[in-house]
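Novice: take a look and give me a structure for this.
(one chain, ligands or ions: 2)
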Amino acid sequence: MIELKSPAEIQRMQVTGRFVAEVLAEVGRLADVGVNLLDLEHHVRGMIKRRGAESCYWDYAPSFGKGPFRNVICLSVNDAVLHGLPHDYTLRDGDILSADLAVSIDGWVADSARTVIVGTPAEEDLRIIRATEEALAAAIEKARPGNRLGDLSAAIGAVAQDYGYPVNTEFGGHGVGRTMHEEPHVSNQGRAGRGLVLRPGLTLALEPWFARTTDRIVYDPDGWTIRSADGSRTAHSEHTVAVTEDAPLVLTRLPDSHP
Ligand code: MG
Ligand code: MG
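Specialist: Ligands and ions are numbered 1, 2, ... in the order given. The predicted structure follows:
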């Protein structure tokens, strides 16, 4: 079932969204050569606790992971792209780090991810980050009443194609609101003009992610961390977005910040 949210409920999701944006901005600032992923995890735990927020990841146990997740943020490095389990790893110069965070405040969830480069960037890493950000912006632009879900998927897929990145369709975006994962699924590839008609009050987490040279994935033995099957580098960008009567509303963006 798809639950449409009232403007007041969307405002409450935006409160959560701004906190998620603050945390991810802080992670981006802290992610530097010599910093351990576990330090980032503990820093985020502190921020969540001080805010009185609740992690959507802690104890999360879907069909794919191995047992409940015992961290509050996903940190995926280089060829790891989704659900990266924070572990004892010290960031190196040139690493590409995707941070994905979903929390709930007063019962309302927001979900966002961003990818940053640690230290000296390589041009091809900047390029794949730019591709996911452009794909996300293109999908957001389509999140308007009367458009269809397939328009969002097609917008993401078109950017990937322009850049020459293959698209995996096993993991994509999703509805979000009272819980982290709600209907509908939003594929990162699809046909324009197909699927659910978008209506005001629909809230979606849109999340293009690409690997440079493959659409196939492999799982680490931890059962969580998902990597590109060929070891190529990856990026992931996600925002929680509300369809409104007017322009699409990005709930996980700080005022005056881009993207
Ligand atoms: Mg996420
Ligand atoms: Mg998500």
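
Novice: what's near enough to touch the residue of the stretch 151-259 of the chain found nearest ligand 1?
Specialist: Using CB to the ion, residue 238 is the residue of the stretch 151-259 of the chain that sits closest to ligand 1, at 4.8 Å. Just so you know, the C-beta spots here come from the backbone N, C-alpha and C atoms, and that holds for glycine as well. The neighbours of residue 238, taking CB atoms under 8 Å, 6 or more residues apart in numbering as the test, are 100, 111, 112, 113, 114, 136, 173, 205, 206, 207, 208, 252.

Novice: quick check: it vs residue 208, distance?
Specialist: Distance, residue 238 to residue 208, by CB to CB, to the nearest Å: 8 Å.

Novice: now for the two: what residues contact both?
Specialist: Joint contacts of residue 238 and residue 208 (CB under 8 Å, 6+ apart) are residue 136.

Novice: which bits of this protein sit near ligand 1?
Specialist: Contacts of the chain with ligand 1, taken as CB under 5 Å from the ion, map to 100, 111, 113, 238.

Novice: where does the prediction get shaky in the stretch 151-259 of the chain?
Specialist: 257-259 (pLDDT under 70).

Novice: which single residue of it approaches ligand 2 most closely?
Specialist: Closest point on the stretch 151-259 of the chain to ligand 2, by CB to the ion, is residue 205, at 4.0 Å.

Novice: what does the helix or strand that residue falls within contact?
Specialist: Using DSSP states H and E, residue 205 sits within strand 203-206. With contact meaning CB under 8 Å, 6+ apart, strand 203-206 is reached by 5, 10, 13, 102, 111-112, 136, 139-140, 143, 152, 156, 173-177, 184, 186, 238-243, 251.

Novice: what about 6 Å?
Specialist: 5, 111, 136, 139, 173-177, 186, 238, 240-242 (CB atoms under 6 Å, 6 or more residues apart in numbering).

Novice: list only buried entries from these.
Specialist: The neighbour count (16 or more other CB atoms under 10 Å) marks 5, 111, 136, 139, 173-177, 186, 238, 240-242 as buried among the contacts of strand 203-206.

Novice: now tabulate those in a markdown table and tack on secondary structure and distance to ligand 2.
Specialist: Formatted as a markdown table, the buried ones among the contacts of strand 203-206 follow (DSSP: H, G, I helix; E, B strand; the rest coil; distance: CB to the ion, whole Å):
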| residue | secondary structure | distance to ligand 2 |
| --- | --- | --- |
| 5 | coil | 17 |
| 111 | strand | 4 |
| 136 | helix | 12 |
| 139 | helix | 13 |
| 173 | strand | 6 |
| 174 | strand | 6 |
| 175 | strand | 10 |
| 176 | coil | 7 |
| 177 | coil | 12 |
| 186 | strand | 9 |
| 238 | strand | 5 |
| 240 | strand | 8 |
| 241 | strand | 11 |
| 242 | strand | 15 |
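
Novice: between the residues you listed, which is nearest residue 200?
Specialist: residue 242 (8.3 Å; CB to CB).

Novice: and the helices in the stretch 1-150 of the chain?
Specialist: 7-30, 37-51, 123-141, 149-163 (DSSP state H, counting those that start in this stretch).
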